[in-house]
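Asks: no sequence for this one, just the structure:
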């Protein structure tokens, strides 16, 4: 079974600064996908970024980028130029390839961006 | 393009009752998956339906069931409600193919309170 661990329950960052959220996972699979989802106070889950395990290049989406270390089973999210709207719960999630749409989520990290 | 629609958004039930939640996926999406979110257990996968067939199932008791209709709309049912079933129930839809990283689009959730 796969497990996803987010070791930082809460984090805070000043507006315009950079913050990194940590995620580690455990799996015996070789082909899988990793995701970061954001859940703001409205409770709507929103995809932030995704990474295919077979791709060595780290995914980037505007101010969001990941550091994917497959051997270490680590998948951290870096948010640059933090904005107040980034305040949310961030979930790291794992999906096996060719197994349908079952996401295994971490416990989440609450990120607060301060002005 | 309309998003994933979940109804009802909020509901209150008493122990022993049953409840049915509905999810209308994005047009063209054939996969619908359900997740339970609680403060104690976090986000847990309930089940996934693809083309009217259950493709994956999580570790929940038989009181939790679901189905998918030919138009891809899905319902989940919880019978004999317990206090511990109080949660935010999230539905997510995707194209559902087994190749490629399926991006799940989530609905706003149905908040169930069991008294």
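Replies: Happy to help now that I have it. Keep in mind that this is a model prediction, so the values were computed, not measured.
Asks: Point to the helix or strand of chain A where mean pLDDT is at its lowest.
Replies: strand A:60-61 (a mean of 90; mean pLDDT, DSSP states H and E).
Asks: in the helix or strand that that one is followed by, what's buried?
Replies: Helices and strands here follow DSSP states H and E; after strand A:60-61, the next one along the chain is strand A:64-69. By neighbour count on 16 or more other Cβ atoms under 10 Å in any protein chain shown, the buried set for strand A:64-69 is A:64, A:65, A:66, A:68. The way it works is simple: take the backbone N, C-alpha and C, and place the C-beta from them, glycine included.
Asks: Return the list of strands paired to strand A:64-69, each annotated with direction.
Replies: strand A:60-61 (antiparallel), strand A:74-79 (antiparallel) (DSSP bridges).
Asks: Can you say which of those is packed in most?
Replies: strand A:74-79 (a mean of 20; mean count of other Cβ atoms under 10 Å in any protein chain shown).
Asks: Just the pLDDT for the residue most central in space within chain B.
Replies: Central residue of chain B (Cα atoms, centre = their mean): residue B:34, 3.0 Å from the mean position. On pLDDT, residue B:34 comes in at 97.
Asks: Can you give me every residue that contacts it?
Replies: B:23, B:45, B:46, B:47, B:48, B:66, B:74, B:76, B:89, B:90, B:91, B:92 (Cβ atoms under 8 Å, 6 or more residues apart in numbering or on different chains).
Asks: Make a markdown table from those and add neighbour count to it.
Replies: Compiled in a markdown table, the contacts of residue B:34 are given as follows (neighbours: other Cβ atoms under 10 Å in any protein chain shown):
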| residue | neighbour count |
| --- | --- |
| B:23 | 26 |
| B:45 | 20 |
| B:46 | 22 |
| B:47 | 22 |
| B:48 | 28 |
| B:66 | 22 |
| B:74 | 25 |
| B:76 | 22 |
| B:89 | 23 |
| B:90 | 25 |
| B:91 | 28 |
| B:92 | 26 |
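Asks: Near chain A, list only the ones from those.
Replies: B:45, B:48, B:90, B:92 (Cβ under 8 Å from any Cβ of the partner chain).
Asks: Only the buried residues of the strand or helix carrying residue A:113, if you could.
Replies: In this structure, residue A:113 sits in strand A:109-114 according to DSSP H and E. For strand A:109-114, burial by neighbour count (16+ other Cβ under 10 Å) applies to A:109, A:111, A:113.
Asks: so which of those residues comes closest to chain B?
Replies: residue A:109 (11.8 Å; Cβ to the nearest Cβ).
Asks: Residue A:8 versus that closest one, what's the distance?
Replies: Distance of residue A:109 to residue A:8, given as Cβ to Cβ, to the nearest Å: 5 Å.
Asks: Identify the bridge partners of the residue nearest in space to the middle of chain A.
Replies: By Cα atoms, centre = their mean, chain A has its centre lying nearest to residue A:36, at 3.1 Å. Per DSSP bridges, the residues bridged to residue A:36 are residue A:49, residue A:92.
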